[in-house]
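> Pasting the sequence and the predicted coordinates here, then a few questions.
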Amino acid sequence: MNKAFTFTIKSLRFDENYNPSGSTRITTNFANLARGERRQENLRNALVMIDNRFNALAHWDNPKADRYSVELEIISAELNVEVKGNAFPVIEILKPTIIDKSTSERIDGIVGNNFSSYVRDYDFSVWLPEHNKSQPEFTIPEDFGKLHGNIFKRFVNSAAYTENFNKAPVICLSVSTKNTYCRTTNQHPVLGFEYQQDEPSLTDIYFAKMGLQARYFMPPNSVAPLAFYFHGDLLSDYTNLELISTISTMETFQKIYRPEIYNANSAAGALYQPNLTHQDYSLTRIVYDREERSQLAVEQGRFTEEHFIKPYQTILEQWSANSAL
């Protein structure tokens, strides 16, 4: 059954001329920016923010803070369901390439960063709410995230992935507003101070089924910790420049999408609980409609249910059971 499923990888440059493809989740960070009358200005401003943040963190041998720039590729993975002769877009991530303008060298960043998945939309925006309609208190369905986790693990171990990327992905997300984070004494030169949370978040539990563990760091001159999801050793497996490519990319997106947390006017203290109702923050010059994005997540979850979960449910369940790593 495993042989009936293969992955195809496609890539598309993310720059000021980017237009989302028909198979791209429009709730995705990068796709959402590329909509509306100010789409090109949005994209240009976001890319400038990424470059500026990269140079601020990579400050050694960089006196004018202009040595580096970052190019981004959108990596789309389709799962080919050969039994039915069909393919479904299951994962979208970002791959940064670091341009060292002093040496003309192109350096691979860490693939991952943003994480987009139609199946995750289905799990969180369709399955989870429907499960809890009849529950007296909030619970997580049995096997919640299992199929999605197995899809991700099979993708990372697939020939398509290993032929294109030489390191495991790192996903970087916002911290949970439901948890409290405590700053530790552990400090990394690029990742900054490590924080620990009081209990695992639902995202942590979900990503654990993808084979990923979480650590939380607040980089230098940031105002809130970021959540890093990875397999292996986050501090030893990646170079400082690789880590900076992830921080600069995802902190920029979070400043746009979570300004109450990541563009706050004061930094997180020793004990920190993120709050999206926080009022003391600054806005970027980039337009974004968070309410619309939440509505679209439900629509795309329904799309996944109709075109992927229901048509292939039996095949997918058998494949997921046989492919668990």
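Looks like it came in fine.
> in its sheet, what does the helix or strand harbouring Tyr216 sit against?
In this structure, Tyr216 is located in strand 213-218 according to DSSP states H and E. Partners of strand 213-218 in the sheet, by DSSP bridges, are strand 192-197 (antiparallel), strand 226-230 (antiparallel).
> Identify each buried residue in the longest one, please.
By neighbour count, and taking 16 or more other C-beta atoms under 10 Å as the criterion, the buried residues in strand 192-197 are 192-195, 197. For the C-beta atoms, the positions are set from N, CA and C on the backbone; glycine is no exception.
> would JSON lines of the residues you listed with distance to Asp100 and pLDDT be doable?
Output for the buried residues of strand 192-197, formatted as JSON lines (distance: C-beta to C-beta, whole Å; pLDDT from 0 to 100):
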{"residue": "Gly192", "distance to Asp100": "23", "pLDDT": "98"}
{"residue": "Phe193", "distance to Asp100": "28", "pLDDT": "98"}
{"residue": "Glu194", "distance to Asp100": "28", "pLDDT": "98"}
{"residue": "Tyr195", "distance to Asp100": "31", "pLDDT": "98"}
{"residue": "Gln197", "distance to Asp100": "36", "pLDDT": "95"}
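> could I get these as CSV with distance to Phe7?
Output for the buried residues of strand 192-197, formatted as CSV (distance: C-beta to C-beta, whole Å):
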residue, distance to Phe7
Gly192, 34
Phe193, 37
Glu194, 34
Tyr195, 34
Gln197, 33
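> Nearest to Ala214 among these?
If you rank the buried residues of strand 192-197 by distance to Ala214 using C-beta to C-beta, Gln197 comes first, at 8.4 Å.
> so what's the closest one up against?
By C-beta atoms under 8 Å, 6 or more residues apart in numbering, the contact set of Gln197 is 175-176, 179-182, 216.
> Based on its surroundings, how many neighbours for the nearest residue to Gln196 once chain neighbours are set aside?
Distances taken as C-beta to C-beta, 6 or more residues apart in numbering place Cys182 nearest to Gln196, at 5.4 Å, with adjacent residues excluded. Per other C-beta atoms under 10 Å, the neighbour tally for Cys182 reads 14.
> Would you tell me which of the strands paired with strand 213-218 gets closest to Phe152?
Among those, strand 226-230 sits nearest to Phe152 (C-beta to C-beta), with 10.5 Å.
> so how far is the closest one off the chain centroid?
Centroid separation between strand 226-230 and its chain, computed with C-alpha atoms, centre = their mean, to the nearest Å, is 9 Å.
> Run through who's touching that strand.
Contact with strand 226-230 is made by 115, 168-176, 191, 203-204, 207, 210, 212-219, 234, 237, 246-247, 250-251, 254, as judged by C-beta under 8 Å, 6+ apart.
> 7 Å - rerun?
With C-beta atoms under 7 Å, 6 or more residues apart in numbering as the test, strand 226-230 has contacts from 168, 170-175, 207, 212-217, 234, 250-251.
> where do the strands sit along the stretch 1-150 of the chain?
Ranges of strands in the stretch 1-150 of the chain, per DSSP state E, counting those that start in this stretch, are 5-14, 68-81, 86-100, 105-108, 112-116.
> Give me the residues contacting the second one.
Strand 68-81 is contacted by residues 5-14, 23, 30, 50-51, 54-55, 58, 87-101, 111, 151, 155, 245, 248-249, 312, 315 when judged by C-beta under 7 Å, 6+ apart.
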